[in-house]
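1. Okay, here's the prediction I keep looking at, along with the sequence it came from:
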Number of protein chains: 2
Amino acid sequence: MADDRISLVFAALADPIRRAILTRLTEGDATVAELAAPFDVSQPAISRHLKVLENAGLISRTRRATARLSHLEAEPLREVTTWLARYQRFWDESHERLDELLAALQGDRKGERDRDTAVRPRGDDHG
Amino acid sequence: MADDRISLVFAALADPIRRAILTRLTEGDATVAELAAPFDVSQPAISRHLKVLENAGLISRTRRATARLSHLEAEPLREVTTWLARYQRFWDESHERLDELLAALQGDRKGERDRDTAVRPRGDDHG
């Protein structure tokens, strides 16, 4: 996915109403009136949100009789999730540090119960 | 994560320079000058980007002598990835449809092989 496409997708997701519209569309295609119903905003405002989502490739729109139906297009969400996954090791690492801390604390607990055989926590560079 | 926090994180990610800054910080903490070096933008512009990242909780900043160091905080990335994961079944479904299509095509191929047992080269879409 091109850099500016990723930017469009993230920008489209940076609004709670647009995210709520995507959530609604997971239940099925919907008209502008149906999408506007839960919100205290005008249909033209919803239409502007739909335009942003459409430009980002997150929805497609088709006509059914006189109404335009919006349809969720999930592929860009997969693409930005793939982009985010590259950072997984950084949040995993912080979880590992947390695991180490918990293991060390449990070692201390064990030490209190069983002083001579207590497991020492790993060295800490931040000391 | 509160709705407006998710919005702040997505908005912070909606800029290629800010995403590049996060990528650079995966290699280690960096000063504003170090972060500005690869880009054709001023240090004040980079400082404004860092402010956006800091407000979204994506970086923290500490002082080292006279320089301010930026540090990647990956937790909000985990949180927005969790938010995106709820849509996984929608892109998985389209992958399943693709899998079904591929299985159907392979079934056709298998039929062709069964008719004449010659070993055929793999199909090439780019031909």
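-> Structure received. The shown structure was predicted, so the numbers you read here are calculated from the model rather than taken from an experiment. Numbering: from 1, shown residues only, chains lettered A, B, ... in the order given.
2. Pull the contacting residues for the residue lying closest to A:Q43 once chain neighbours are set aside.
-> Leaving aside its chain neighbours, A:Q43 sits nearest to A:A36 (4.8 Å; criterion: CB to CB, 6 or more residues apart in numbering or on different chains). (Each C-beta comes from the backbone N, C-alpha and C, glycine too.) Contact partners of A:A36, counting by CB atoms under 8 Å, 6 or more residues apart in numbering or on different chains, are A:42-43, A:45-46.
3. I'd like to know how far A:A36 sits from A:L58.
-> Using CB to CB, to the nearest Å, one obtains 18 Å as the distance from A:A36 to A:L58.
4. same question, A:Q88
-> 23 Å.
5. For those two, indicate the residue with more neighbours.
-> A:L58 (26 against 13; other CB atoms under 10 Å in any protein chain shown).
6. Could you report the pLDDT at that one?
-> The per-residue pLDDT reported for A:L58 equals 97.
7. got the contact list for it?
-> Per CB under 8 Å, 6+ apart, neighbours of A:L58: A:9, A:12, A:22, A:72-73, A:76-77.
8. Nearest to A:D29 among the residues you listed?
-> The closest of those to A:D29 turns out to be A:L72 (CB to CB; 8.1 Å).
9. and the residue nearest to the closest one when sequence neighbours are not counted, what is it in contact with?
-> Once flanking residues are discounted, A:L72 sits nearest to A:L25: 3.9 Å by CB to CB, 6+ apart. Counting by CB under 8 Å, 6+ apart, A:L25 touches A:35, A:59, A:70-72.
10. ok, 10 Å please
-> Neighbouring residues of A:L25 by CB atoms under 10 Å, 6 or more residues apart in numbering or on different chains: A:34-35, A:53, A:58-59, A:69-74, B:87, B:90.
11. Just the buried residues from the residues you listed, in ChimeraX please.
-> Buried residues among those (16 or more other CB atoms under 10 Å in any protein chain shown), as a ChimeraX selection:
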select /A:34,35,53,58,59,69,70,72,73,74 /B:87,90
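12. Quick one: the contacts of A:L25 as a markdown table, columns for secondary structure and distance to B:A2 too.
-> A markdown table is the format used below for the contacts of A:L25 (DSSP: H, G, I helix; E, B strand; the rest coil; distance: CB to CB, whole Å):
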| residue | secondary structure | distance to B:A2 |
| --- | --- | --- |
| A:E34 | helix | 27 |
| A:L35 | helix | 23 |
| A:L53 | helix | 22 |
| A:L58 | coil | 22 |
| A:I59 | strand | 25 |
| A:L69 | strand | 32 |
| A:S70 | strand | 26 |
| A:H71 | strand | 29 |
| A:L72 | strand | 24 |
| A:E73 | coil | 27 |
| A:A74 | coil | 24 |
| B:Y87 | coil | 20 |
| B:F90 | helix | 24 |
